[in-house]
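Peer 1: predicted model, plus sequence, below.
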Amino acid sequence: MNVPVRQTNALAVVSLVSGLLGWTLLPFLGSLVAIITGHMARSEIRRSPDTQEGDGMAVAGLVLGYLVVVMTVLIILAVIVFFGGLAAILTFVGAGH
């Protein structure tokens, strides 16, 4: 009986490692690499499911990458809102009200 050996997709491993790096050493760059390689890995795994595995690692890398991107956008919006409100308050106080 010849059972094909399933190998772990290298891009799935890269996605997971980059997703972890996105939370530690390379915040935004690691997350972008995790997202790109995660999608590429899932596509390769779907094309040849009998010879490749690692979909869970690719999904984990995608989740970690997207979380950092969403958190970065929310932090930038919070900073803009904070300083915009601060500028409005200073303008209101400076106008003599």
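Peer 2: It's in. Given the structure is predicted, the values throughout are model-derived calculations rather than measurements.
Peer 1: confidence score at the nearest residue to residue 17 once chain neighbours are set aside?
Peer 2: Excluding the flanking residues, the one nearest residue 17 by CB to CB, 6 or more residues apart in numbering is residue 61, at 7.7 Å. Using the backbone N, CA and C atoms, a C-beta is placed for each residue, glycine as well. The per-residue pLDDT reported for residue 61 equals 97.
Peer 1: contacts only, for residue 61.
Peer 2: 12, 14-19, 34-35, 37-38, 41 (CB atoms under 8 Å, 6 or more residues apart in numbering).
Peer 1: ok, the closest residue to residue 27 other than its chain neighbours to residue 74 distance?
Peer 2: Ranked by CB to CB, 6+ apart and with sequence neighbours excluded, the top spatial neighbour of residue 27 is residue 68, at 6.3 Å. Residue 68 is 11 Å from residue 74, where distance means CB to CB, to the nearest Å.
Peer 1: then residue 52?
Peer 2: 35 Å.
Peer 1: surely residue 37 and residue 11 touch.
Peer 2: Yes - between residue 37 and residue 11 there is a contact under CB atoms under 8 Å: 4.7 Å.
Peer 1: now list the buried members of the contacts of residue 61.
Peer 2: 12, 14-19, 34-35, 37-38, 41 (16 or more other CB atoms under 10 Å).
Peer 1: which of these lies closest to residue 78?
Peer 2: residue 35 (22.3 Å; CB to CB).
Peer 1: is the closest one located within a helix, as I assumed?
Peer 2: Yes - under DSSP: H, G, I helix; E, B strand; the rest coil, residue 35 sits within a helix.
Peer 1: quick check, central residue of the chain?
Peer 2: Closest residue to the average C-alpha location of the chain: residue 65 at 1.2 Å, with CA atoms, centre = their mean.
Peer 1: what about that residue, which SS state?
Peer 2: Classified using three-state DSSP, residue 65 is helix.
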